[in-house]
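Chemist: here's a sequence, model it:
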Amino acid sequence: TNGQFLGQILFQGSDGTDYEDAARIFATVDGSPAGDATDMPGALNFATTVDGSDSMTTRMVIKNDGTIGIGTSSPSDYDAGGNNLVIYENGNSGITIASATTGIGAIHFADGTTDAEAYQGIVRYSHSEHNLQFGVAGTNYRFKLDNNSRISLSNNDSGTSNTIFGKSAGANLDAGSNYN
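Modeler: Residues are numbered from 1 along each chain as shown. Next up, the predicted model:
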């Protein structure tokens, strides 16, 4: 039956008096098993107990179709074009990509695993240069926003000629102007 409990690994700790549940990983039936021995859709659920409480809350689930929900048990309810990983919070939510002060944090969009196929689209932040870049067709960065609020757009395939918008950018294009 859908939702049926299948098994668990339970983690407990002593509060000085009793052993209390702290976290668990448990499996459930995730769908409608067929009447034969070859169909048993399952999900893995991860639950933790918040400080000051004695009850666990499911924080993450891996569904039978491979979708992952953090903060939601129904990632498949979201648009199919973006539901492989769904992060939900009743309020503000976000993802942090932390890199070294001289490093680069990035999200890559791939359509393969060889050469430029592995990074056809890129959103990246350079900590050493303090800029956010958007790239397409491999490493061709077409848009850059720097820490001086300037936007640079690449005008050609070689990326050597750029159009720059923003405060002080105009000084490079037209002496006496602060904006363009």
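
Chemist: in the chain, which spans are helices?
Modeler: Per DSSP state H, the chain carries helices over the ranges 170-173.

Chemist: which regions of it lie under the pLDDT threshold?
Modeler: Low-confidence segments of the chain (pLDDT under 70): 139, 155-180.

Chemist: list the buried residues in stretch 131-143.
Modeler: Within stretch 131-143, the residues that qualify as buried are 131, 132, 133, 135, 141, counting by 16 or more other C-beta atoms under 10 Å. Every C-beta, even on glycine, is put in place using the N, C-alpha and C of the backbone.

Chemist: do the same with stretch 50-58
Modeler: In stretch 50-58, counting by 16+ other C-beta under 10 Å, buried: residue 56.

Chemist: convert that stretch to PDB, retaining C-alpha atoms only.
Modeler: Output in PDB follows, covering the C-alpha atoms of stretch 50-58 (Å, rounded to 0.1, in the frame of the first residue of the first chain):
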ATOM      1  CA  VAL A  50      15.200  20.300  16.200                       C
ATOM      2  CA  ASP A  51      16.900  21.500  19.500                       C
ATOM      3  CA  GLY A  52      14.300  21.900  22.200                       C
ATOM      4  CA  SER A  53      11.900  19.300  20.800                       C
ATOM      5  CA  ASP A  54      11.300  15.600  21.200                       C
ATOM      6  CA  SER A  55       9.600  15.000  17.900                       C
ATOM      7  CA  MET A  56      11.200  14.400  14.500                       C
ATOM      8  CA  THR A  57      10.400  16.100  11.300                       C
ATOM      9  CA  THR A  58      11.100  14.700   7.800                       C
END
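
Chemist: identify the bridge partners of the residue lying closest to residue 122 once chain neighbours are set aside.
Modeler: Of all residues not flanking residue 122 in the chain, residue 135 sits nearest, at 4.0 Å (C-beta to C-beta, 6 or more residues apart in numbering). Listed by DSSP bridges, the beta-bridge partners for residue 135 are residue 122, residue 141.

Chemist: residue 135 reaches residue 126, doesn't it?
Modeler: No. In this structure, residue 135 is not within contact of residue 126 by C-beta atoms under 8 Å, at 11.8 Å.
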